[in-house]
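# The following block contains a protein sequence and its predicted model.
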Amino acid sequence: MLHYLLSRIISLLLSLAVASLVIFFVIEIIPGDPASFMLGLNASPETVASLKAELGLDQTPMIRYFNWVSGLVVGDFGISYTYKVPISELVVDRIQVSLPLALYALLLSTAIAFPVGLIAASKRGGTADFGIMGFTQLGIAVPNFWFAMLLVLFFAINLRWFSAGGFSGWDTGFWYGIKSLTLPAIALALTQASILARVMRSALIDTLSQDYIRTARAKGLSQRRVLIKHALRNAMIPVLTILGLQFSFLLAGAIIIENVFFLPGLGRLIFQAIIQRDLIVVESVVMLMVFAVIVVNFLVDLTYAVVDPRLRRDG
Amino acid sequence: MRIPTQLLFGAFLSVFFLVLALISLLWTPYPVEVLNISEKLKPPEWQYILGTDHFGRDILSMIMVGARTSISVALVAVGIGMLVGVPLGLAAAANRRSIFDDLIMRSNDLVFAFPSLVIAILITAVFGPSAFNAILAIGIFNIPVFARVSRGAALSLWTLEFVMAARVAGKGKTRISVEHILPNTINLLLVQGTIQFSLGILAEAGLSYIGLGAQPPTPSWGRMLADAQTLIYTNPSLAFIPGLAIVAMVLGLNMLGDGLRDYLDPRLRKVRQ
C-alpha cells in the first residue's frame, strides 16, 4: 500500500510540474511579449514598458516561472490586469458557482446512471436494455449547450419554472442558489449520465460472466443479491475511472454551459479573460483547472486501492 | 454475412451529411455570404425549405456549408491524430519497455490529464480564434488516443508467430511494424477514427458556439446555434435545425463506429449476442 501510495504521489507531482511548464510556455510563445499583447496594437511604448515592469516581465523566463509557481503554491495567483484585484479573490468568488455546479451535475449523473446501468445489465437483451441503450446513444450525441438551450426554452421560457440564466449568489438562500443551478446541472449531466450508464452496464456484464458469480448463483443466492453483493463492487473499477475522467469533462463543459446561462463561474471568468486579453488570469485559472483534474484522478487512483484489495498487496 | 442494422443506419446518416457537404462545394440553394434583410426570419416554406435566419440567409444552405466546416475540421483533426499518434504507438510497441516507450506513455497520460476544451481555449487565446486553431486544438488530443490504441494492438501482435517468422527472416523492427503490424491494426484504427471523428464534430460545434472556432462569415453549426440563442425568445425554431443536424451527424458516426467494431471483430459478435 505504501509503495502504491508513494508511486502515485510521485506521478502526481511530476504531472503538476510538467503541466505548469506547458501552460507557462504556451503563454510564453505568444508572438511579441504578453504586455503588448494585453495592451493591443495602439499602446505607446511607455505604457507597454511600465506594464512590463509591473508584471515583472523584464526578468528572465526562468525567474518568472519560479515566481509564478511559488506564488501558486501559497495561493498568490497574481493580479488581474483588467479587474485590478488579486486573481485569488476572483477565483474564490467564482468557485462558489463552478464547484457546486460540477458536484451537482456529478451527483445527478451518478444518481441516474447507477440504477439505469444496473437495470440494463440485469435485463440484458430485453426491451428495457434496448431502450436504455438507445436513449444513452442519443444522450451522448446531444451537445450539452444545445440541450441547455432546449431546457431554457421549455422550462424557463414556456413553463417559467426556472429563470433562463444568471445567479444571484448564495446570500439569497440555499434553495434559491440550487434552483438557479438546476438547469445548468441537468444540461451538464445528460452526456455524463449516458456515458456512465453504458460503462456501468458493460462492467456489470463483464463481472456477471465470471466464475465466482456462477458459484454464488449455485450457492442459491438470488439474482438481486448476487448483483448487489458480488458484482457491483467488482464492476466499480472501470466506473470509478470514468467518474474521474468525467470531472475534467464537467469542468470543461462548465465553461460552455456557464456561458449559456450567464453564470459567474470560473469558466466565464476564463472566457472573459481571453476576450479582454487578461493573460495572467487565463494562465492561472487554466493551471487551477488542470490541478483540480490531476488531483481528482489521483484520488480515483487511491480509491482503486480501497475497492480492489489486490492493488494494496502488490503495490 | 448479415450486415447489422446499426452499421447500416450509421453509415446512411454519415454518408448523408458527407454528400450534403460535398454538394455545398458546387451548389447551395442560396449564397451563404449574401445578407438579404428583406427576407429575414421566413418560416419554412416552398421557397426556403428550412426558412431563413435573422440576416435573411437560407438555413438549408447554411446547414450544408456548416456540414462542410464541421466535417473538414473533424477530419483533419483525426488525420493529425493518426499521422502522429500511430507511428508513435507502433514505435513504442516495437521498443517495448524501453525509455522511449515509457516516455511516450507518460506524455500520453499527461495529455489525458488536461481538460481538452481548456487547452483548446488556451490555444485559441494565444493564437486567436480560427477554424485552423480549432483543428490544431482538437488534433493534439487525438494524438495520445491513437498512440494508445495502436500500441495496445501492436503489443499483442508482436507476440504472434507470423511476426516471429518475419524477425527470423531478418526484417528490422521498422519494416515489421509497417509491413506486418500496421495492416493488422487497420480495423481498430478505423473504429477509433470514427469515434474520434464524432467527438471532433462535437468539439468543433462547442468551440464555434463560444466563438473560438470558424469565424463569420463561414457558417458553422455551433455559430448558428449561438446566433439562434440571441433570438430564442422571439424565434425559438431557429435553435432546432442546427442542433438536430449535430445530433444526427454524431449519432450516425457513433453507430457507424459501434457497428464497424462488432462487424469487424467476429469474437465480439458472438459475445454480444
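Here it is on my side, so go on.
# any idea how far residue A:288 lies from residue B:115?
Distance, residue A:288 to residue B:115, using CB to CB, to the nearest Å: 11 Å. Every residue, glycine included, has its C-beta placed from N, CA and C.
# if I look at residue A:79, how far off is chain B?
19 Å (CB to the nearest CB, to the nearest Å).
# For the nearest residue to that residue once chain neighbours are set aside, grab phi and psi.
The shortest distance from residue A:79 to any non-neighbouring residue, by CB to CB, 6 or more residues apart in numbering or on different chains, is to residue A:86 (5.6 Å). When read as degrees, to the nearest 10, the backbone of residue A:86 gives phi -60, psi 140.
# residues contacting residue A:86?
Residue A:86 makes contact with A:76, A:77, A:78, A:79, A:80, according to CB atoms under 8 Å, 6 or more residues apart in numbering or on different chains.
# If any of those residues are buried, put those into a ChimeraX selection.
The following ChimeraX line selects those of those that are buried, judged by 16 or more other CB atoms under 10 Å in any protein chain shown:
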select /A:77,78,79,80
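# Show the model's pLDDT score for the residue nearest to residue A:79.
We note a pLDDT of 89 for residue A:86 in this prediction.
# Repeat that for residue A:29.
pLDDT, residue A:29: 69.
# From residue B:88, how far off is the closest residue to residue B:167 other than its chain neighbours?
Of all residues not flanking residue B:167 in the chain, residue B:176 sits nearest, at 6.7 Å (CB to CB, 6+ apart). Noted for residue B:176: a distance of 16 Å to residue B:88, by CB to CB.
# Nearest residue to residue B:131 in space, please, no chain neighbours.
Using CB to CB, 6+ apart, the nearest residue to residue B:131 is residue B:214, at 4.0 Å.
# again with residue A:273
residue A:281 (3.8 Å).
# ok, now which ones touch that neighbour?
Neighbours of residue A:281 in contact, by CB under 8 Å, 6+ apart: A:80, A:81, A:82, A:83, A:87, A:90, A:269, A:270, A:273.
# Ok, residue A:185 next?
Shown in contact with residue A:185 (CB under 8 Å, 6+ apart): A:101, A:104, A:105, A:108.
# Could you dump these into a markdown table with neighbour count, distance to chain B and secondary structure added?
A markdown table is the format used below for the contacts of residue A:185 (neighbours: other CB atoms under 10 Å in any protein chain shown; distance: CB to the nearest CB, whole Å; DSSP: H, G, I helix; E, B strand; the rest coil):
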| residue | neighbour count | distance to chain B | secondary structure |
| --- | --- | --- | --- |
| A:101 | 28 | 15 | helix |
| A:104 | 19 | 18 | helix |
| A:105 | 29 | 14 | helix |
| A:108 | 18 | 19 | helix |
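# Mind picking the two most distant members of the residues you listed?
A:101 and A:108 (10.7 Å; CB to CB).
# And for the one residue in the stretch 151-300 of chain A that gets nearest to chain B, nearest residue in space, chain neighbours not counted?
Taking CB to the nearest CB, chain B has its nearest neighbour within the stretch 151-300 of chain A at residue A:252, 3.5 Å off. In this structure, residue A:252 finds its nearest non-sequential neighbour in residue B:117, 3.5 Å apart by CB to CB, 6+ apart.
# Wait, the one you found touches residue A:253, no?
Yes. Between residue B:117 and residue A:253 a contact is recorded at 7.4 Å, counting by CB atoms under 8 Å.
# Spell out which parts of the stretch 151-273 of chain B neighbour chain A.
For the stretch 151-273 of chain B, the residues in contact with chain A (CB under 8 Å from any CB of the partner chain) are B:198, B:202, B:205-206, B:209-210, B:222, B:225, B:228-229, B:232-233, B:236, B:239, B:242-243, B:246-248, B:250-251, B:254-255.
# Just the CA trace of stretch A:78-98, in PDB.
Provided in PDB are the C-alpha atoms of stretch A:78-98 (Å, rounded to 0.1, in the frame of the first residue of the first chain):
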ATOM      1  CA  GLY A  78      -1.000  37.400  -9.300                       C
ATOM      2  CA  ILE A  79      -3.100  40.500 -10.000                       C
ATOM      3  CA  SER A  80      -5.700  40.600 -12.800                       C
ATOM      4  CA  TYR A  81      -4.900  43.200 -15.300                       C
ATOM      5  CA  THR A  82      -8.500  44.100 -16.200                       C
ATOM      6  CA  TYR A  83     -10.200  43.700 -12.800                       C
ATOM      7  CA  LYS A  84      -7.200  45.200 -10.800                       C
ATOM      8  CA  VAL A  85      -7.800  42.800  -8.000                       C
ATOM      9  CA  PRO A  86      -5.800  39.700  -6.800                       C
ATOM     10  CA  ILE A  87      -6.800  36.800  -9.000                       C
ATOM     11  CA  SER A  88      -7.200  34.600  -5.900                       C
ATOM     12  CA  GLU A  89     -10.100  36.800  -4.900                       C
ATOM     13  CA  LEU A  90     -11.800  36.400  -8.300                       C
ATOM     14  CA  VAL A  91     -11.200  32.600  -8.100                       C
ATOM     15  CA  VAL A  92     -12.700  32.300  -4.600                       C
ATOM     16  CA  ASP A  93     -15.700  34.300  -5.800                       C
ATOM     17  CA  ARG A  94     -16.200  32.200  -9.000                       C
ATOM     18  CA  ILE A  95     -15.500  28.800  -7.500                       C
ATOM     19  CA  GLN A  96     -18.600  29.200  -5.300                       C
ATOM     20  CA  VAL A  97     -20.600  28.800  -8.600                       C
ATOM     21  CA  SER A  98     -18.400  26.400 -10.500                       C
END
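# picking up where we left off before, tell me what the helix or strand the residue nearest to residue B:167 falls within is packed against?
Per DSSP states H and E, residue B:176 falls inside helix B:173-176. Identification of packing neighbours for helix B:173-176 by 3 or more CB pairs under 8 Å, 6 or more residues apart in numbering or on different chains; DSSP states H and E yields helix B:59-94, helix B:161-168.
# Try it again at 7 Å.
helix B:161-168 (3 or more CB pairs under 7 Å, 6 or more residues apart in numbering or on different chains; DSSP states H and E).
# So for whichever helix or strand residue A:239 is part of, what gets flagged as buried?
Using DSSP H and E, residue A:239 sits within helix A:236-260. Neighbour-count burial for helix A:236-260, counted by 16+ other CB under 10 Å, picks out A:236-237, A:239-260.
# Repeat that for stretch B:70-83.
Within stretch B:70-83, judged by 16+ other CB under 10 Å, the buried ones are B:70, B:71, B:73, B:74, B:75, B:76, B:77, B:78, B:80, B:81, B:82.
# for those, which one is nearest residue A:2?
The closest of the buried residues of stretch B:70-83 to residue A:2 turns out to be residue B:81 (CB to CB; 38.4 Å).
# Quick one: residues contacting that closest one.
For residue B:81, the contacting residues are B:139, B:142, B:143, B:145, B:146, B:196, by CB atoms under 7 Å, 6 or more residues apart in numbering or on different chains.
# ok, now residue A:276?
residue A:82.
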